[in-house]
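Novice: Here you go, sequence then predicted model.
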Amino acid sequence: MKVVQVQTQAEAGGAQRTSQHVAEGLLARGHSVTTVYLYRKTAAYDDDATAAFMLPEAPHSPVDLATAVVRLCRFVRKAQPDAMILYQHYGNIAGTIAAKFAGCRRVVANQNGLPGGVGIPDWATAVDRMIGSAGWYGANVVKSGLVADAFRDYPRRYRDALVRISHGVLVPQPRISKAEARQRLGVPEGVPLVVSSGRLAPQKNQMKLVEALPALGEAHLAIAGQGPLREDLLRRAAELGVPTRLHLAGEVSPHEIADFLVAGDVYAFPSVWETFGQSVVEGAMMGLPVACSDLPVFREVLRVAEPDGEYAAVFFDNSDPRAVAASISSVLNDASLAGALSRAGRLLRAQYSVSALVDEYERLIQ
């Protein structure tokens, strides 16, 4: 089958990681796949031969956005795909328009955010509801029970298309040693290292990790990601007297994330909200003990189904730096606890298989 995927922006994010897994899996099974990004935000997918960008940078006006949609419609009409897989609210809307324009009837949407959630304008929520209620989504994928429950008051026709598919998460394999990884980051030998990853933005709440640093003894903090709060994080670390213990690694590509994570002793994730939390699951599956926000979705996805329902994390109040520091310290100072969390995290590999993810998407497009 010929498949076109539509993403909003090209960057190293969770939704993009999912579409990459789906593309690689479908290609390996003999399908033709192109992933179209409405705009290029970073260089994360510049070397992907199956990627296409409608705009070279983020749109600065409604005219730019309209240009991206028009180009997408032309691209899809020329490609004449048998099926389309759409991601994120703008990708769902623009992709559905393009599918209608090109006469493609097999459309699989993905709900990567919560309706009316942070970063999703009201008009986009309204348009998504209208499209789904009209039956234009052949399937509408949600990644967790939390997201599925957010649509409980939507029209039945919208809800009937909902399909639950958990993220498939690859276990990243580092190419360098822990010592080499720390050397790259400029972290001294022998000190505890807390690692985290994600866009440097209010949602990810990395400021609470920085504010927890003074209570973590000699521990250092390394964060992979880029975003608007970079300078604020550096400034706050300086105010707290810990500037040399904060290491901002910038954007790390999916192929290199293991070379960053292997440096750490504990993975910390203070996010304010998530619909799944692929980054924290990735850290857990790699074997890092996890300390993260006490969010219902994390208690859902970080719970090991077999053998006894244990959690692969300790949970903290993400509004209180003291609580964040206490949870991280409990892991750093208790080898038995750290070992139990590490073992539980590795058990999550069976729950979030990429092969199973591709199976589900292949079934939907066929």
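Specialist: Arrived safely. Numbers count the residues shown, from 1 in each chain.

Novice: In the stretch 251-366 of the chain, what residue spans correspond to strands?
Specialist: Taking DSSP state E, counting those that start in this stretch to define them, one finds strands in the stretch 251-366 of the chain at 266-269, 290-293, 313-316.

Novice: Tell me the neighbouring strands of the second one, and mark each as parallel or antiparallel.
Specialist: When you say that, I think you mean strand 290-293. strand 266-269 (parallel), strand 313-316 (parallel) (DSSP bridges).

Novice: circling back: quick one: which of the strands of the stretch 251-366 of the chain is nearest residue 152?
Specialist: Closest to residue 152 of the strands of the stretch 251-366 of the chain, according to CB to CB: strand 290-293, at 23.4 Å. For glycine as for every other residue, the C-beta is placed from the backbone atoms N, C-alpha and C.

Novice: so where does the residue nearest to residue 52 when sequence neighbours are not counted fall, helix or strand?
Specialist: Nearest non-adjacent residue to residue 52, counting by CB to CB, 6 or more residues apart in numbering: residue 36, 4.8 Å away. Per DSSP states H and E, residue 36 falls inside strand 32-40.

Novice: Give the next helix or strand downstream of that strand.
Specialist: Strand 32-40 is succeeded, C-terminally, by strand 51-53 (DSSP H and E).

Novice: May I have the helix or strand following that following strand exported as CSV, CA atoms only?
Specialist: Beyond strand 51-53 on the C-terminal side, the first helix or strand identified by DSSP H and E is helix 62-79. C-alpha atoms of helix 62-79 as CSV (Å, rounded to 0.1, in the frame of the first residue of the first chain):
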residue,chain,number,x,y,z
PRO,A,62,-2.3,32.7,8.6
VAL,A,63,-1.1,33.1,5.0
ASP,A,64,1.9,30.9,5.7
LEU,A,65,-0.3,28.3,7.4
ALA,A,66,-2.7,28.4,4.4
THR,A,67,0.2,27.9,2.1
ALA,A,68,1.3,24.8,3.9
VAL,A,69,-2.2,23.3,3.7
VAL,A,70,-2.4,24.1,-0.1
ARG,A,71,1.0,22.5,-0.7
LEU,A,72,-0.1,19.5,1.3
CYS,A,73,-3.2,19.1,-0.8
ARG,A,74,-1.2,19.3,-4.0
PHE,A,75,1.3,16.8,-2.6
VAL,A,76,-1.3,14.3,-1.5
ARG,A,77,-3.3,14.6,-4.8
LYS,A,78,-0.1,13.9,-6.7
ALA,A,79,0.9,11.0,-4.5
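
Novice: packing partners for helix 62-79?
Specialist: strand 2-10, strand 32-40, helix 89-102 (3 or more CB pairs under 8 Å, 6 or more residues apart in numbering; DSSP states H and E).

Novice: Can you check which of the ones you listed gets nearest to residue 141?
Specialist: helix 89-102 (10.3 Å).

Novice: Now do that closest one, average pLDDT.
Specialist: The average pLDDT for helix 89-102 rounds to 96.

Novice: can you list contacts of it?
Specialist: The contact list for helix 89-102, computed with CB atoms under 8 Å, 6 or more residues apart in numbering, reads 6-8, 38, 68-69, 72-73, 75-77, 79-81, 84, 86, 104-105, 107, 109-113, 120, 124-125, 127-128, 131, 136-137.

Novice: For residue 297, which non-adjacent residue is spatially closest?
Specialist: Counting by CB to CB, 6+ apart, residue 146 is the residue found nearest to residue 297 once chain neighbours are left out, at 4.5 Å.

Novice: could you point out where the chain is predicted with low confidence?
Specialist: When residues are selected by pLDDT under 70, those of the chain lie in 307.

Novice: Nearest residue to the residue lying farthest from the centre of it in space, ignoring adjacent ones along the chain?
Specialist: In the chain, the residue that sits farthest from the middle, by CA atoms, centre = their mean, is residue 241; the gap is 31.5 Å. With CB to CB, 6+ apart as the criterion, residue 241 has its nearest non-adjacent residue at 7.0 Å, and that residue is residue 214.
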